[in-house]
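Student: Got a predicted structure here, sequence first:
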Amino acid sequence: MIKYLFTLLFTISFLSLQSQDLVVKETLGNKSKVINDGYISLEVHGGLPPYTYKWSNQTTPLDSNTATGLTEGIPYTVTITDSKGTSVQHSYKIKSNNIPEFFNGTAVPLVNQMSKVLFWDPFSAFGIYDPKVYADIKRIPIPGWTAGIEDRFVLKQWVVDQNQHVEQGDLIAIVTSSKSGDLKVYANATGILKHLNDTDEVIYNAANKSHVIEVGAHNLAEIKLDQPVLVRHPNGDPKTSNIPLIVIWLIFGAFFFTIRLGFINFKGVKHSLQLAKGDYDDPSAPGKITHFQTMTTAVSATVGLGNIAGVAIAISVGGAGATFWMIIAGLLGMASKFTECTLGIKYRTINSEGKIFGGPMYYLKHGLEKRKAKKLGKFLAVLFAILCVGATLGGGNMFQANQSFEILASQFEFMQGKGLYFGLFLAFLVGAVIIGGIESIGKVTSRIVPVMAGIYALAAIIIIVINIDNLGAALSAIYNGAFNATALKGGIIGVMIVGFQRAAFSSESGVGSAAIAHSAGKTNHPISEGYAALIEPFIDTVLVCTLTALVLIFTGMHEVQGVGGVQLTSAAFSTVISWFPYVLTMVVLLFAFSTMISWSYYGMRAWTFLFGKGNSVELIYKVMFLIFVVVGASVGLGAVLDFADMMILTMAFPNMIGMYILIGEVKKDLNEYNRKLKNGELYKRPSKK
């Protein structure tokens with residue numbers, strides 16, 4: 001009797017315990033002074049295990065009670081649910097312990113708000129399409145396969161025949177690894193099985209370069225799902241393939257200007273190269289620097305870390321197919337660059353001291369005033385100038401210093417923790433150039449840009465030539481990735497947007513920054529400066545970005561997951577020659593240096609537009625710029641840099657409004673210039689006999 005009584009009491013106690021509300025005990029931590037290394041660990045009591053954890057942090061899985069890599073100073077929410085459906089929600093914030101963590105945490109909400117505007121998808125907002133990503137096919141990879149694995153896998157046996165229905169978890173095949181022996185392959189979804197390999201056929205061989213490059217070569221089968229499945233982030237949020245407003249804004253503008261100007265981006269290449277060679281440099285023309293120097297100054301500001309790190313990220317996210325769309329966007333962007341640089345010269349002013357002031361601020365203000373839109377023009381000009389100063393100090397300055405030090409420290413361990421000294425040294429070098437003004441900047445960039453672009457292109461071409469046997473497989477990977485993208489890559493639209501986005505961000509066509517540099521060009525004809533600028537997106541995107549993409553694809557690094565940015569590009573270079581990453585490091589440092597000196601001029605012209613054109617105003621800006629170089633190299637800034645990078649993109653909104661309004665006069669001037677060019681009425685440098 002007592003035995004049954006104890007059993008009853010135990011059962012009642014157990015059921016009572018299980019019916020308790022969920023009680024959560026949290027542990028919050030901040031591992032170091034480095035940003036974004038906070039963590040939250042939860043201990044749950046009550047309810048009926050197992051528990052699921054729905055974190056606001058998308059990278060934390062549903063079954064994980066610990067979230068890591070969190071940003072200090074911002075709130076995170078988690079909803080805990082037991083197996084009976086009882087839920088409780090909590091919010092936590094990890095305390096910032098130092099200034100970088102404080103600034104990073106403060107910038108995150110600002111970045112999120114700007115993202116809502118820049119990356120807002122009008123098509124999905126108005127119900128034109130569903131941005132959620134659905135998968136109707138699930139591919140089955142070799143068990144334990146990772147990109148770069150040195151192994152050979154052969155299909156030993158099919159356990160389930162072709163076109164048979166399988167349940168998730170069913171044994172479907174046996175694969176033989178040359179290193180690990182027989183491996184069992186299980187269905188990873190429920191549906192109809194399709195074989196991609198025959199029995200005794202080699203599935204994947206690391207020694208076969210076509211296997212390394214081919215997208216998805218490590219998959220031996222695929223399952224056609226019974227019904228499409230929503231693709232989700234680890235935390236359960238649905239993945240989406242959005243069409244960001246900023247990309248639409250830039251690409252539509254580029255397409256419009258291409259049509260409006262009669263495909264100038266293709267017809268004008270020959271004359272653009274003539275101007276770059278100096279064939280039409282009139283020594284008596286007003287301005288400070290030659291066509292070639294304006295071009296190299298503008299290219300030095302765009303060719304940088306985005307061409308190396310940014311392309312690697314684009315390829316890892318969008319796959320090899322992003323390369324194709326990146327090239328298309330780069331070609332279209334040539335027309336936008338032509339338009340803005342023409343206007344930059346047309347509305348520039350030159351004061352009594354010979355200093356030149358030009359760029360979007362001036363053609364927005366004066367060009368729109370001429371169109372009887374004075375108030376709108378002034379508002380857009382001031383807005384552009386404010387955004388430009390912020391973008392200069394962040395994306396054109398701190399980001400370059402920060403990332404160049406990170407790359408240097410990753411290659412040379414003795415540099416670890418010495419960001420302050422590197423920043424001071426870099427500030428000294430930058431200061432030595434920018435104190436001399438645009439003439440000094442033009443002279444330096446005209447020497448650095450050809451060297452740095454040449455070194456990088458040569459290194460990339462060497463890797464491509466060594467792997468030239470992979471050409472067919474690489475082109476196939478690009479084509480299939482562009483037009484037959486899987487749901488995991490967002491489909492064709494997703495890959496297209498990734499490629500367009502990278503090209504728009506890299507070349508800055510439509511952003512208006514290059515118009516500031518070109519405003520200093522020595523010319524009597526604004527259209528000639530448009531022609532000179534025409535080739536820049538081609539160099540930046542079609543050549544340099546594509547070379548990076550091809551290196552990644554030819555070496556098979558486009559399939560690598562979990563590694564991004566410069567590290568992925570560096571790894572691709574090292575697959576051919578071990579010391580190539582050191583060459584890449586040198587090139588990256590040159591890229592960063594040239595970008596900083598060019599953007600210093602952009603920011604200074606925006607600064608003087610806002611605060612006056614005196615020498616003391618310029619000096620204040622230059623000192624401030626150099627201080628930010630040191631700050632950028634010294635501390636981790638995270639979202640602060642993201643915020644500044646977004647300001648660069650935001651510059652495109654006021655700039656392109658002005659370009660749309662003023663495109664008519666650009667077209668008229670183009671027709672007149674082409675008439676004079678055809679009739680030989682323009683100054684041309686005497687040919688050398």
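Tutor: Perfect, I can see it now.
Student: Flag every buried residue along the longest helix seen in the chain.
Tutor: What stands out as the longest helix in the chain, according to DSSP state H, is helix 580-611. Using 16 or more other CB atoms under 10 Å as the test for burial, helix 580-611 gives 580-581, 583-609. Any C-beta I mention is one placed from the backbone N, CA and C, and that applies to glycine too.
Student: Give me the distance between that helix and the centre of its chain.
Tutor: 17 Å (CA atoms, centre = their mean, to the nearest Å).
Student: Just the mean pLDDT for whichever helix or strand comes after that helix, thanks.
Tutor: Once the chain leaves helix 580-611, the next helix or strand it forms, by DSSP states H and E, is helix 615-634. Rounded to a whole number, the mean pLDDT of helix 615-634 is 87.
Student: Which elements pack onto the very next helix or strand once past helix 615-634?
Tutor: Next in sequence after helix 615-634, counting helices and strands by DSSP H and E, comes helix 639-650. Helices and strands touching helix 639-650, by 3 or more CB pairs under 8 Å, 6 or more residues apart in numbering; DSSP states H and E, are helix 99-118, helix 374-393, helix 399-411, helix 491-507.
Student: Next, the angle helix 580-611 makes with the third one.
Tutor: Relative orientation of helix 399-411 and helix 580-611, computed by axes from the mean of the first three to the mean of the last three CA atoms, to 10 degrees: 160 degrees.
Student: and the next helix-or-strand element following helix 399-411, which residues are buried?
Tutor: Using DSSP H and E, the helix or strand that follows helix 399-411 towards the C-terminus is helix 419-434. Applying a neighbour-count criterion of 16+ other CB under 10 Å, the buried positions in helix 419-434 are Gly419, Phe422, Gly423, Leu426, Ala427, Val430, Gly431, Val433, Ile434.
Student: before we move on, what about stretch 60-69?
Tutor: For stretch 60-69, burial by neighbour count (16+ other CB under 10 Å) applies to Thr60, Ser64, Asn65, Ala67, Thr68.
Student: Run the chain-centre distance for the helix or strand that the fourth one is a member of.
Tutor: Yep, that's Ala67 we're talking about. Assessed by DSSP H and E, Ala67 sits inside strand 66-70. Offset of strand 66-70 from its chain centre (CA atoms, centre = their mean): 24 Å.
Student: Partner strands of the helix or strand just after it and their direction?
Tutor: Following strand 66-70 in sequence order, the next helix or strand is strand 75-81 (DSSP H and E). Take DSSP bridges as the rule and strand 75-81 pairs in its sheet with strand 52-55 (antiparallel), strand 87-93 (antiparallel).
Student: Compute the inter-axis angle for strand 75-81 and helix 99-118.
Tutor: Inter-element angle recorded for strand 75-81 and helix 99-118: 80 degrees (by the same axes, to 10 degrees).
Student: Asp63 versus Ser41, what's the distance?
Tutor: Distance of Ser41 to Asp63, given as CB to CB, to the nearest Å: 14 Å.
Student: ok, now which ones touch Ala320?
Tutor: Val215, Ala474, Ala477, Ile478, Asn480, Gly481, Ala482, Ala549, Ile553, His558 (CB atoms under 8 Å, 6 or more residues apart in numbering).
Student: That one: helix or strand, and which one exactly?
Tutor: For Ala320, there is no host helix or strand (DSSP H and E).
Student: give me phi/psi at it?
Tutor: Ala320 has phi and psi values of phi -60, psi -30 when expressed as degrees, to the nearest 10.
Student: Quick check: pLDDT value at it.
Tutor: Note on Ala320: pLDDT of 76.
Student: For it, give its distance to Gly499.
Tutor: From Ala320 to Gly499 the distance is 10 Å (CB to CB).
Student: list residues touching both of the two?
Tutor: Common neighbours of Ala320 and Gly499, counting by CB under 8 Å, 6+ apart, are Ala482.
Student: Okay, Tyr582 and Ala592: tell me how far apart.
Tutor: Separation of Tyr582 from Ala592 (CB to CB): 16 Å.
Student: One more: His165?
Tutor: Per CB to CB, His165 is found 56 Å from Ala592.
Student: And for Ala572?
Tutor: 20 Å.
Student: for Tyr347, same thing?
Tutor: 31 Å.
Student: need the longest strand for the chain.
Tutor: Secondary structure of the chain per DSSP state E: the longest strand is strand 219-230.
Student: Check the offset of it from the chain's centre.
Tutor: How far strand 219-230 lies from its chain's middle: 30 Å, per CA atoms, centre = their mean.
Student: Next, the buried residues of stretch 243-251.
Tutor: Of all the residues in stretch 243-251, those buried under the rule 16+ other CB under 10 Å are Ile243, Pro244, Leu245, Ile246, Val247, Ile248, Trp249, Leu250, Ile251.
Student: pLDDT of stretch 53-65, averaged?
Tutor: 93.
Student: Render the CA-only coordinates of stretch 139-154 in CSV, please.
Tutor: Taking Å, rounded to 0.1, in the frame of the first residue of the first chain, the C-alpha atoms of stretch 139-154 are listed here in CSV:
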residue,chain,number,x,y,z
ARG,A,139,20.3,17.7,-53.5
ILE,A,140,22.1,15.0,-51.6
PRO,A,141,25.9,15.6,-51.2
ILE,A,142,28.6,13.1,-50.4
PRO,A,143,28.7,12.6,-46.6
GLY,A,144,31.3,14.9,-45.0
TRP,A,145,32.3,16.6,-48.2
THR,A,146,33.7,20.1,-47.9
ALA,A,147,35.2,22.4,-50.5
GLY,A,148,38.9,21.8,-50.9
ILE,A,149,38.8,18.2,-49.6
GLU,A,150,41.5,16.0,-51.0
ASP,A,151,39.7,12.7,-51.6
ARG,A,152,38.1,10.5,-54.3
PHE,A,153,34.6,9.3,-54.0
VAL,A,154,33.0,6.4,-56.0
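Student: what does it contact?
Tutor: By CB under 8 Å, 6+ apart, the residues outside stretch 139-154 that reach it are 172, 175-180, 183-185, 187-188, 200-207, 216, 218-223, 486, 556-557, 559-561.
Student: Of those, grab the buried ones for PyMOL.
Tutor: Written as a PyMOL command, the selection of buried residues from the contacts of stretch 139-154, which uses 16+ other CB under 10 Å, is:
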select buried, resi 172+175+176+177+183+185+187+188+203+204+205+218+219+220+221+222+223+486+556+557+559+560
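Student: from the contacts of stretch 139-154, which ones fall inside strands?
Tutor: 172, 175-177, 183-185, 202-205, 219-223.
Student: Farthest pair within these?
Tutor: With distances taken as CB to CB, the most widely separated pair in the ones in strands among the contacts of stretch 139-154 is Asn205 and Ile223, at 24.1 Å.
Student: if I pick Trp607, what's in contact with it?
Tutor: Counting by CB under 8 Å, 6+ apart, Trp607 touches Ala385, Val389, Val617, Glu618, Tyr621.
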